[in-house]
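1. sequence and computational prediction follow.
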Amino acid sequence: MLLCGDLGAGKTALTKGVAQGLGISGPITSPTFNILLVHEGRLPLYHMDLYRLESGSQLEDIDYYGTLEADGLSVVEWGDRFAEADPENRVLVTITTTGDFSRSILLESRGKRGEALAESWVAEYQAIGAGEEDAQ
Amino acid sequence: MRNSDIDAVHAIETAVFPSPWSRAMFMEESARENDRVWIVAEAGNELLGYAGIMLVGEDAHIMNLAVRRDARGRGLGSALLSAVIDGAVCRGAVHVTLEVRESNVAAIGLYESAGLHDVGMRPGYYSGGGENAVIMWSDDMNAPGMQARRGQLAARAESVLADFELHDGSELVLGIESSCDETAASVMRGGNELVSSVVASQIVFHSRFGGVVPEIASRKHTEAIVGVIDEALARAGESLGLDGPLPIGDLSAIAVTHGPGLVGALVVGLAYAKGLSLATGVPLVGVNHLEGHIFANMLADPTVEPPLVALLVSGGHTSLVHMPAWGEYHTLGETLDDATGEAFDKVAKVLGLGYPGGPILSTYAADGDPAAIDFPRAMMRSGDYAFSLSGLKTAVINHIRHEREAGREIDIPDLAASFQQAVIDVQVSKSVRAAEECGVKMFCLAGGVAANAALREALREALEAIGVRMSVPPFALCTDNAAMIAAAGTYRFRRGERLGLDAEAVPGLRLG
């Protein structure tokens, strides 16, 4: 799951929700400084942040590709920062600030697995009663 | 003698005596409180000798006395003898006696100096060779002559102990730090005297090292670590007046940060430290990075000691820690989202001041009105010690958006000052409450954000108002360095703590 959006858009806040869904109890702090924070839940959550990286070549240094292939969910803040960070299968989540308390969220999938994931999220979003037009 | 001393006691016993006591015998002895006096001599954390005496009515029978070979010749045996005799006299003993091997001239001389004299012989007393035992007795320990002699012995013992005190603080410890962006190494003597300190990013040492400045990546740590440690040992050699670099074998311990931090970075320092330890036999000690920051205060000011509360604020951490005693930590609260330095850097970024722009933002804040914009004081009244800075960051970003949408120019100094004040208000309020609730008179500020003058001064003022002294290390010790790791490591080393070669880096390592 690649997250993009300006500072303060709510990338870490969204990740807190994901962590809650995975049954993770500890605080989900910003991974900016540590680059990678690992949380144990129903699935391990690999919470990454590419904000401080200077080039795509550093992805290998932080074991980015190894982490994506590990046994858990990878959530990558500033995931659109380097073309090399875009995996075969993913959902790109773009958060746009539309007001102090409102955001628009755009899902873009890549690969079969990415597509299936994005579709299931949209289906769940509709199932909890959100309007059809919100879930394009 | 406590049960926890027995391993060290037994190790000395088997090393120095041809027919040593068993471990079980010491266990049994240490359990007998009514009719025994056992004394151990410790320098720092090392057990150097012991003596035991048995009380039988008015007689006290010295059963055992030994000093580790490498600690001999400095009067420790005499000091132990003095302590154990005085202990027995306090418990009502009048005469002291013992048997000693006929061949042990040094021991016989020691006992004679304490006023014991040869009264006879037990032929073939010792097993395994049947050596003769000399029987020695003292005169009445309370007779004036003997009292004076005991007084002299006790005074000498005190100076012996002072001498050990003086020298036990001389361990050379190598500290290694690679928990995040910095690769650093340092040699400290006695835990508080800086011998050398090298931080890769702050040093240009092209000759030895190619001028690489390590950043985020573990690969960069890998490239830097050999050069940084070599440089630290080379500079230590220079400052100690040696002909070349300080030999690793001269170190008492290698202290390494094993968490918290970025796992890929931590493993580099840890693996290198393990390798050094394995190859040289120098013991390995693990240090918590945050504990290191607290020790940076003690490095700068030796009068800083627990009980204390510390506020650790940096680009990656925001924690309030209670340290009630040496080696004991309780984390009172941490940030739930962004670290303090990170919030400064990100607000600076939104204002186009660059990244990391925290220090630039603080410079602007000095010229602004801290009351110009009323930003939220998150968690100010939460009743706990948790911090939250993400909401404040978003409030600042929203404010900037509104101003830009309204076509107004943003007053950067006012915005910077108002943001900074919101951060300071919460941190001062929680720090003061923590100091009060923990009942401490000492407060340590640590981490890179300690460089923020406004935070420092606001904290100092608020703490002094409640009678709490605040310590802040000089800036070079606020940011990540290895001197603080060596200092904290020296302390753990003295407590006998060791890190096994199977230890792993712990990215989420907690402090208490």
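-> Nice, I can see it. Numbers count the residues shown, from 1 in each chain, chains lettered A, B, ... in the order given.

2. residues from the stretch 251-400 of chain B in reach of chain A?
-> Residues of the stretch 251-400 of chain B lying close to chain A by C-beta under 8 Å from any C-beta of the partner chain are B:260-264, B:315-317, B:334-339, B:341-342, B:346, B:349-350, B:390, B:393-394, B:396-398. Heads up, the C-betas are built off the backbone N, CA and C, glycines and all.

3. so which of these sit within helices?
-> B:263-264, B:341-342, B:346, B:349-350, B:390, B:393-394, B:396-398 (DSSP state H).

4. could you list every helix and strand in contact with the longest strand seen in chain B?
-> In chain B, with assignment by DSSP state E, the single longest strand is strand B:46-56. In this structure, strand B:46-56 packs against helix B:6-16, strand B:36-43, strand B:59-67, helix B:76-90, with contacts taken as 3 or more C-beta pairs under 8 Å, 6 or more residues apart in numbering or on different chains; DSSP states H and E.

5. can you rerun that using 6 Å?
-> strand B:36-43, strand B:59-67, helix B:76-90 (3 or more C-beta pairs under 6 Å, 6 or more residues apart in numbering or on different chains; DSSP states H and E).

6. one step back: only whichever of the ones in helices among the residues of the stretch 251-400 of chain B next to chain A are buried, select them in ChimeraX.
-> Per 16 or more other C-beta atoms under 10 Å in any protein chain shown, the buried members of these correspond to this ChimeraX selection:
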select /B:263,264,341,342,346,349,350,390,393,394,396,397
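
7. so the residue of the stretch 401-512 of chain B found nearest chain A, which of the three states?
-> Nearest residue of the stretch 401-512 of chain B to chain A (C-beta to the nearest C-beta) works out as B:P507 at 6.7 Å. Secondary structure, DSSP: H, G, I helix; E, B strand; the rest coil: B:P507 is coil.

8. would you mark the buried spots in the longest strand of chain B?
-> B:E46, B:L47, B:L48, B:G49, B:Y50, B:A51, B:G52, B:I53, B:M54, B:L55.

9. and for B:I229, the neighbour number?
-> Per other C-beta atoms under 10 Å in any protein chain shown, the neighbour tally for B:I229 reads 26.

10. tell me the contacts of the closest residue to A:V18 other than its chain neighbours?
-> Residue nearest to A:V18 in three dimensions, not counting chain neighbours: A:V75, with 6.1 Å by C-beta to C-beta, 6 or more residues apart in numbering or on different chains. Going by C-beta atoms under 6 Å, 6 or more residues apart in numbering or on different chains, A:V75 touches A:M1, A:T15, A:H47.

11. by neighbours, which of those residues wins?
-> Highest count within the contacts of A:V75 by other C-beta under 10 Å belongs to A:H47, 26 neighbours.

12. give me the three-state assignment for it.
-> Three-state assignment for A:H47 (three-state DSSP): strand.

13. residues touching it, list them.
-> Contacts of A:H47 (C-beta under 6 Å, 6+ apart): A:T15, A:P31, A:L37, A:V75.

14. the worst-scoring helix or strand of chain A on mean pLDDT: how far from the chain's middle?
-> Scoring the helices and strands of chain A by mean pLDDT, DSSP states H and E places helix A:58-61 at the bottom, with a mean of 84. Relative to its parent chain, helix A:58-61 has a centroid offset of 19 Å by C-alpha atoms, centre = their mean, to the nearest Å.

15. quick check: mean pLDDT of the following helix or strand past it?
-> Later in the chain than helix A:58-61, the nearest helix or strand by DSSP states H and E is helix A:64-68. In this model, helix A:64-68 has a mean pLDDT of 92.

16. get me the contact residues on chain A for chain B.
-> A:7-8, A:27, A:29-30, A:32-35, A:52, A:58, A:61-63, A:100 (C-beta under 6 Å from any C-beta of the partner chain).

17. would you turn the contacts of A:H47 into JSON lines with secondary structure, pLDDT and distance to B:S159?
-> Shown next, in JSON lines, are these (DSSP: H, G, I helix; E, B strand; the rest coil; pLDDT from 0 to 100; distance: C-beta to C-beta, whole Å):
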{"residue": "A:T15", "secondary structure": "helix", "pLDDT": "96", "distance to B:S159": "63"}
{"residue": "A:P31", "secondary structure": "coil", "pLDDT": "90", "distance to B:S159": "57"}
{"residue": "A:L37", "secondary structure": "strand", "pLDDT": "89", "distance to B:S159": "55"}
{"residue": "A:V75", "secondary structure": "strand", "pLDDT": "97", "distance to B:S159": "65"}
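
18. low-scoring stretches of the stretch 1-150 of chain B, by residue?
-> Applying pLDDT under 70 to the stretch 1-150 of chain B picks out residues B:44.

19. one step back: list buried residues within the residues of chain A next to chain B.
-> A:7-8, A:29-30, A:32-35, A:52, A:58, A:61-63.

20. of all those residues, which comes closest to B:A465?
-> A:T29 (31.7 Å; C-beta to C-beta).
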